[in-house]
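*Asks:* structure, please.
(chains A and B)
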2 protein chains.
Amino acid sequence: MNLVVQKFGGTSVADPDRMRAVADHIARTRRQGANVAVVVSAMGKETDDLLHLASQVSKTRPGREMDMLITAGERKSVALLCMALADLGVAAASFTGSQAGIITDTAHQNAKILEVRADRLRQALDEGKVPVVGGAQGVSTDRDVTFLGRGGSDTTAVALAAALKADACEIYTDVSGVFTADPRIVPNARKLLHLSFEEMLEISATGGRVLALRSVEFARNHDVPLHVRSSFTWELGTMVDKEDLSMEQAIISAVTDDASEAKVTVAALPDRPGIAARLFRAMADQSVNVDMIVQNVSHDGTTDISFTVPMEDLDTSIEVARVLGPEIGGGEVSADRDIARVSLVGAGMKTHPGVAATMFETLAREGVNIEMISTSSIRISCIVREAQLETAVRSLHEAFKLEG
Amino acid sequence: MNLVVQKFGGTSVADPDRMRAVADHIARTRRQGANVAVVVSAMGKETDDLLHLASQVSKTRPGREMDMLITAGERKSVALLCMALADLGVAAASFTGSQAGIITDTAHQNAKILEVRADRLRQALDEGKVPVVGGAQGVSTDRDVTFLGRGGSDTTAVALAAALKADACEIYTDVSGVFTADPRIVPNARKLLHLSFEEMLEISATGGRVLALRSVEFARNHDVPLHVRSSFTWELGTMVDKEDLSMEQAIISAVTDDASEAKVTVAALPDRPGIAARLFRAMADQSVNVDMIVQNVSHDGTTDISFTVPMEDLDTSIEVARVLGPEIGGGEVSADRDIARVSLVGAGMKTHPGVAATMFETLAREGVNIEMISTSSIRISCIVREAQLETAVRSLHEAFKLEG
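*Replies:* Below is the predicted model:
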């Protein structure tokens, strides 16, 4: 008998009606002859509400306690979903991350899964039950409750699919799949029916909000095919799996956008070995998540280094740079919040020269200035003014003929 | 070093301000040189909100899932309280019932504590931390999350005090102790400074809303002295412990009232052995919680049996009586929702004859008709019309000179 892992995000279970609709779908999947294991997120905005409550009570908010607090949200969801399933005559049993055997490291608020001891889930499945597991949570090697971080429910689903050797892992969300661009910016964006893990990784890393990056990495590493689809229309969505080399690949799959980062520039650093290493080691030590890094060519023995960081890491990164700067002989530190990144992603890009040139020409024609460039074998990203982001996305989507 | 278990009810932690006030008090207790272990209920009306949510999602509401849902409330409280303590520099660690080693039977929604494996709590205390435990929850012998029922947090506190051999168990609530009568009915009711376990049991069983009956039984069985006090004024409250026989005992300690029950009468039952047994076995089989039972003297070989049940069990008990009645030769089944119970409780009553007579005379003088009577060695209860309950309570409080 087939086994399907189905993951439902917060909007999919935002209220009692949605909760029952999800239960209906699970029951339907069972009637079609598949076993189902379910992962569910906290209802709607519950996680945000819990974070707000914590900020009203405490300034220090220790990680261990934040994890205990936040995981209460998924606890409610799993229990309610099992009740809705019971109403439909579907035997189900809820499990916290701990009960589901999701063992993590001790990094509270952002724990990593070390192992899945899925005996209880296997037993529930053997008994003909639907196990319903709280997303984004586990138990640490110190026996404390841990939270995998925002978007961690996708990772839970993929980890369970791998541990249970599921035939499919369906990620249900409030959009019907992965699109060639954000449909709010490009109304005629097209739903992508198929993506490779590598393309999906680049899309998630550069602003695609549908799948959390970590879950895609996990799926690639454990070869778990993903199906991203809508819990509102239930139509077929986007399949993400191993690249099929026999297939003609689209040169460009998607244009992504991301306005959530800021740019930091450290000017006039001595151009000699080890300077960049010291700067970015210091950033890493403070848990600053540096994304793009660009170092300009040397002038008069000095060089400027610019890098992007998530907005929430900006203050820390400026402080680190200002403290370390004089030590390593650097000059002024400046920050720019009004930047954004536009990226082109496509597995076929590596065998088609000229993509970068077309991208830069298109942006130039629209009067969009490029401030930083970074590339991988299947992606090109440009940092532009945030105000010009939508123009950039639309013009690239059109230039590469991505519309339906 | 002394160890104090402090339990805080829902109103004590109803909002961020109250939560911080509780943390302050715990920090103060520590500064005074005591170790503290804490039990906390869900915030304010959270448990009711969760019950309402469940009723919106599901008709069946399986017990296992209800317990998973409801215990989310205490999970939030423990985490938030630990955060508030961290702000004050007090090292604390939250524990679910399961993490605290509270092992229960598998009776979901109303689980009984079988054992407390308090190693993790002892370890936290040894490390100088304040363990903060979610009230009314545990883990069953089947490894499922269980809920001890409403008022179960008091029981958790007493169980932990017994397991940790605490020097004191303080139950903080929104009133400043146990009173000679409900102050909302009798404005000059007096706070009782000391009660025996037996008196407290009778008070809890007959309408005293301050301590859950189960927790008092547990405290008596394990000889855990209780201190019931206010988390708003922090003044000294009511001590409950083993009866001190050397002390002059008050004849009457308190007048209690309870309008939460209804009366069922099965008329004209054959007056022969085994009839009452069959009736109340049938009630027990349907989990009807029968309280007072009165059987009248026989007329013409038949007798009437009246009993009281909690309002929520009334429909079931009528059904059971109507189905069983013909089988055991009984007549009409009638129900009366408009009754109430007024009780006198006092350890000294057993050595002072005439208390019952004074009680009945007082009620007669006020025109309050007595419909049923039941007594224990330290309590007398009368069923009266609900509309006359307050008159009954006030007149008895005055007749026995209980005011301050």
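
*Asks:* on the pLDDT front, check the spatially most central residue of chain A for me.
*Replies:* By CA atoms, centre = their mean, the mean C-alpha position of chain A lies nearest to residue A:212, the distance being 1.9 Å. We have a pLDDT of 89 for residue A:212.

*Asks:* for residue A:103, which residues are in contact?
*Replies:* A:113-117, A:138-141 (CB atoms under 8 Å, 6 or more residues apart in numbering or on different chains). For glycine as for every other residue, the C-beta is placed from the backbone atoms N, C-alpha and C.

*Asks:* using the three-state scheme, assign it.
*Replies:* Judged by DSSP: H, G, I helix; E, B strand; the rest coil, the three-state class of residue A:103 is strand.

*Asks:* and what of residue A:124?
*Replies:* helix.

*Asks:* from what I can see the residue nearest to the centre of chain A touches residue A:205, true?
*Replies:* No - here residue A:212 lies out of contact with residue A:205, judged by CB atoms under 8 Å, at a distance of 10.5 Å.

*Asks:* what residues are up against the residue nearest to the centre of chain A?
*Replies:* Contact analysis of residue A:212 by CB under 8 Å, 6+ apart lists A:150-152, A:154-155, A:204.

*Asks:* could you rerun that using 7 Å?
*Replies:* Going by CB atoms under 7 Å, 6 or more residues apart in numbering or on different chains, residue A:212 touches A:151, A:154-155, A:204.

*Asks:* who wins on neighbours among those residues?
*Replies:* residue A:154 (30 neighbours; other CB atoms under 10 Å in any protein chain shown).

*Asks:* now stretch A:120-140 - C-alpha only, PDB.
*Replies:* What follows is stretch A:120-140, C-alpha atoms only, in PDB (Å, rounded to 0.1, in the frame of the first residue of the first chain):
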ATOM      1  CA  ARG A 120       5.500   5.100  17.100                       C
ATOM      2  CA  LEU A 121       4.400   6.500  13.800                       C
ATOM      3  CA  ARG A 122       5.000   3.100  12.100                       C
ATOM      4  CA  GLN A 123       3.000   1.400  14.800                       C
ATOM      5  CA  ALA A 124       0.100   3.900  14.300                       C
ATOM      6  CA  LEU A 125       0.200   3.200  10.500                       C
ATOM      7  CA  ASP A 126       0.300  -0.500  11.100                       C
ATOM      8  CA  GLU A 127      -2.800  -0.100  13.300                       C
ATOM      9  CA  GLY A 128      -4.600   1.600  10.400                       C
ATOM     10  CA  LYS A 129      -4.300   5.000  11.900                       C
ATOM     11  CA  VAL A 130      -3.400   8.400  10.400                       C
ATOM     12  CA  PRO A 131      -0.500   9.800  12.500                       C
ATOM     13  CA  VAL A 132      -0.800  13.600  12.700                       C
ATOM     14  CA  VAL A 133       2.500  15.200  13.700                       C
ATOM     15  CA  GLY A 134       3.200  18.700  14.900                       C
ATOM     16  CA  GLY A 135       5.400  20.500  12.400                       C
ATOM     17  CA  ALA A 136       8.700  22.200  13.100                       C
ATOM     18  CA  GLN A 137       9.200  20.600  16.500                       C
ATOM     19  CA  GLY A 138      11.300  17.900  18.100                       C
ATOM     20  CA  VAL A 139      13.100  16.800  21.300                       C
ATOM     21  CA  SER A 140      16.700  17.600  21.800                       C
END
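
*Asks:* need the mean per-residue confidence for it.
*Replies:* 97.

*Asks:* buried set for that stretch?
*Replies:* Residues A:120-121, A:124-125, A:129-140 are the ones in stretch A:120-140 that count as buried (16 or more other CB atoms under 10 Å in any protein chain shown).

*Asks:* what pairs with the lowest-mean-pLDDT helix or strand in chain A, and is each one parallel or antiparallel?
*Replies:* Of all the helices and strands that make up chain A, strand A:293-295 has the lowest average by mean pLDDT, DSSP states H and E, namely a mean of 82. Looking at strand A:293-295 with DSSP bridges, its partner strands are strand A:302-310 (antiparallel).

*Asks:* after the strand it pairs with, which helix or strand is next?
*Replies:* For strand A:302-310, the succeeding helix or strand toward the C-terminus, using DSSP states H and E, is helix A:314-327.

*Asks:* that next one versus strand A:302-310: what angle between them?
*Replies:* Interaxial angle of helix A:314-327 relative to strand A:302-310 (axes from the mean of the first three to the mean of the last three CA atoms, to 10 degrees): 160 degrees.

*Asks:* which neighbouring elements make contact with helix A:314-327?
*Replies:* strand A:261-270, helix A:275-285, strand A:333-336 (3 or more CB pairs under 7 Å, 6 or more residues apart in numbering or on different chains; DSSP states H and E).

*Asks:* swap the cut-off to 10 Å and go again
*Replies:* Counting contacts by 3 or more CB pairs under 10 Å, 6 or more residues apart in numbering or on different chains; DSSP states H and E, helix A:314-327 is packed against strand A:261-270, helix A:275-285, strand A:302-310, strand A:333-336.

*Asks:* would you map the helices across chain A?
*Replies:* Secondary structure of chain A (DSSP state H): helices at A:16-31, A:46-57, A:63-87, A:119-126, A:152-163, A:197-205, A:213-222, A:275-285, A:314-327, A:355-365, A:389-399.
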